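J.: Got a predicted structure here, sequence first:
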Protein chains: 2
Amino acid sequence: MSDEEIPDIVIRRLPLYARELGAVASEGSEYISSEGLGERLGVSPAQIRKDLNYFGSFGTRGRGYQVTSLRERIRSILKLNGRVREMVLVGVGQLGRALLGYRGFLIGGFEVVRVFDADPEQIGQAVVGYEVEDVASLPEFLRRSKVAFAIVAVPTEAASTVIDTLVAGGVQAILSYAPISRSVPDGVRLRQIDPVMELESMSYYLDDQFDAVVEDQI
Amino acid sequence: MSDEEIPDIVIRRLPLYARELGAVASEGSEYISSEGLGERLGVSPAQIRKDLNYFGSFGTRGRGYQVTSLRERIRSILKLNGRVREMVLVGVGQLGRALLGYRGFLIGGFEVVRVFDADPEQIGQAVVGYEVEDVASLPEFLRRSKVAFAIVAVPTEAASTVIDTLVAGGVQAILSYAPISRSVPDGVRLRQIDPVMELESMSYYLDDQFDAVVEDQI
DNA sequence: CACTGTGAACTTATTCACAGCT
DNA sequence: AGCTGTGAATAAGTTCACAGTG
């Protein structure tokens, strides 16, 4: 049943399942049903079963899914098993430093291997155990070492140029914190994290006694 | 055409449109067509027109949409016009500090008004111009001042309790950076930012030549 | 007997295509 | 002429419901 084109929306749920299965495992359960997992995640049991079935039959009828083995299966589907994914980080401002200090990357199997910045004040400095390199040397570094992942944590104005450099250097997956829209060539993935957009969309749902802006009429 | 239930997926695109319209405005264009905007965003023109039509008819046939007025319309739909949305921040570790220093919130119309933490070392200290308050005093603060937004930037173990406190205090929109799944009551919105999940889902699409298993060097 | 795996039914979202303004 | 606004057509995604199985 392999080899069908799998919807991106399914791929995006896999890390969620894997993350929760890690939590379930640490609580000591050996098996979990699609219903049990769905309840924890706010996802329907049918959806979990369908998602997993794109990749094979991992469950046991009558019992559910073995927690740790399903988690490993998912990580293997995501090409995350038994390895550490190397990343470059561009930008060592406050956000970049916070990211460098974040333990979650390593737990998830990701590790920053090099750190770049454009600020002469930063270049050459040691930051959280990394020596900050000149972003001008990024193209050469990428030519030598094929790193597939990058995190962009530079000021908005600089982001587009940095992304160009990363794409030209063969980086295939870019996580950007800059609030700008960008297109990238086929074969490159760009995901953005923009907390302001998240807040803005939540604002719509506020039951706000203060303000009811009328839009109306045809 | 008012008062139909509007799909969440539409609401989530509105901040994207608003953000890009801001960029278009700063480039000096007065009008933009759905095709022009769609090209910049990687969204189809029909989708933009349909999304906007849930709320009214904001365009001019033959010319397109007036950039600044459409942006204001969208911000008004999102209940973001002409005001600053107040937020509390819980957690002043590295991430919390980075968020406090981020100018993007104010640009988007959001402002942190109070800062809380559980660490006795931090409580009472001044951080980026805020005095860190004891998270134990958060319930009382929320009782007095009706703040609708909160950002959770605490360690994973603490997140669930903090979210409970926020919900109990009447906060309606929570942006959490903790990598845990949580359900919240109706009427409360919880959005998570988890960079690791983003990276993991991108990993699926990598070319296999990048699959080299990292050698154990520890 | 409690669960998965899965086609079929249904629901939601996107695109098409064109009438209708400016 | 060039665009929006919008119903109709299509595609994508989710849930249902149940047969199959350990």
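T.: Good, I have the coordinates. Numbers count the residues shown, from 1 in each chain, chains lettered A, B, ... in the order given.
J.: Was I right to think A:Phe116 contacts A:Glu131?
T.: No: assessed by Cβ atoms under 8 Å, A:Phe116 is found out of contact with A:Glu131, at 10.4 Å. Glycine gets a C-beta too; all of them are placed from N, C-alpha and C.
J.: ok, these two, which is more surrounded?
T.: The residue with more neighbours, out of A:Phe116 and A:Glu131, is A:Phe116; 25 against 11, by other Cβ atoms under 10 Å in any protein chain shown.
J.: Kindly confirm my reading that that one forms part of a helix.
T.: No: assessed with DSSP: H, G, I helix; E, B strand; the rest coil, A:Phe116 is strand; it does not lie in a helix.
J.: Quick one: residues contacting it.
T.: Contact analysis of A:Phe116 by Cβ atoms under 8 Å, 6 or more residues apart in numbering or on different chains lists A:88-91, A:132-135, A:137-138, A:141.
J.: Give me the pLDDT for it.
T.: On pLDDT, A:Phe116 comes in at 98.
J.: Quickly note the distance from A:Arg83 to chain B.
T.: 5 Å (Cβ to the nearest Cβ, to the nearest Å).
J.: For the helix or strand that contains A:Ala18, list the C-alpha coordinates in CSV.
T.: Per DSSP states H and E: A:Ala18 is located in helix A:8-26. Output in CSV follows, covering the C-alpha atoms of helix A:8-26 (Å, rounded to 0.1, in the frame of the first residue of the first chain):
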residue,chain,number,x,y,z
ASP,A,8,1.1,17.3,3.5
ILE,A,9,-1.5,17.7,6.2
VAL,A,10,-1.0,14.1,7.2
ILE,A,11,2.8,14.6,7.3
ARG,A,12,2.3,17.6,9.6
ARG,A,13,0.3,15.6,12.1
LEU,A,14,3.0,12.9,12.4
PRO,A,15,5.3,15.0,14.7
LEU,A,16,2.3,15.7,16.9
TYR,A,17,1.6,12.0,17.2
ALA,A,18,5.3,11.2,17.9
ARG,A,19,5.5,13.9,20.5
GLU,A,20,2.5,12.7,22.4
LEU,A,21,3.6,9.1,22.1
GLY,A,22,6.8,10.2,23.9
ALA,A,23,4.7,11.6,26.7
VAL,A,24,2.5,8.4,26.8
ALA,A,25,5.7,6.2,27.0
SER,A,26,7.1,8.2,29.9
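J.: and that helix with DNA strand C, contact?
T.: No: Helix A:8-26 lies out of reach of DNA strand C by Cβ under 7 Å from any atom of the strand, never closer than 10.0 Å.
J.: Give the next helix or strand downstream of that helix.
T.: In N-to-C order, the element after helix A:8-26 by DSSP H and E is strand A:31-32.
J.: which neighbours does that next one have in its sheet, and in what orientation?
T.: Applying DSSP bridges, strand A:31-32 is found paired with strand A:64-66 (antiparallel).
J.: For the nearest residue to A:Ile193 once chain neighbours are set aside, give me phi and psi.
T.: Spatially, and ignoring its direct neighbours in sequence, A:Ile193 is nearest to A:Tyr177 (5.3 Å; Cβ to Cβ, 6 or more residues apart in numbering or on different chains). Per-residue torsions, A:Tyr177: phi -100, psi 0 (degrees, to the nearest 10).
J.: Likewise for A:Glu198?
T.: Dihedral angles for A:Glu198 - degrees, to the nearest 10 - are phi -60, psi -50.
J.: Select from the contacts of A:Phe116 the one having the most neighbours.
T.: The most crowded member of the contacts of A:Phe116 is A:Gly91, carrying 28 neighbours; neighbours defined as other Cβ under 10 Å.
J.: quick one, what contacts it?
T.: A:Gly91 touches A:116-117, A:152-155, A:158, A:162, counting by Cβ under 8 Å, 6+ apart.
J.: Tell me which two of the residues you listed sit farthest apart.
T.: For the contacts of A:Gly91, the farthest-apart pair by Cβ to Cβ is A:Phe116 and A:Pro155; their separation is 13.7 Å.
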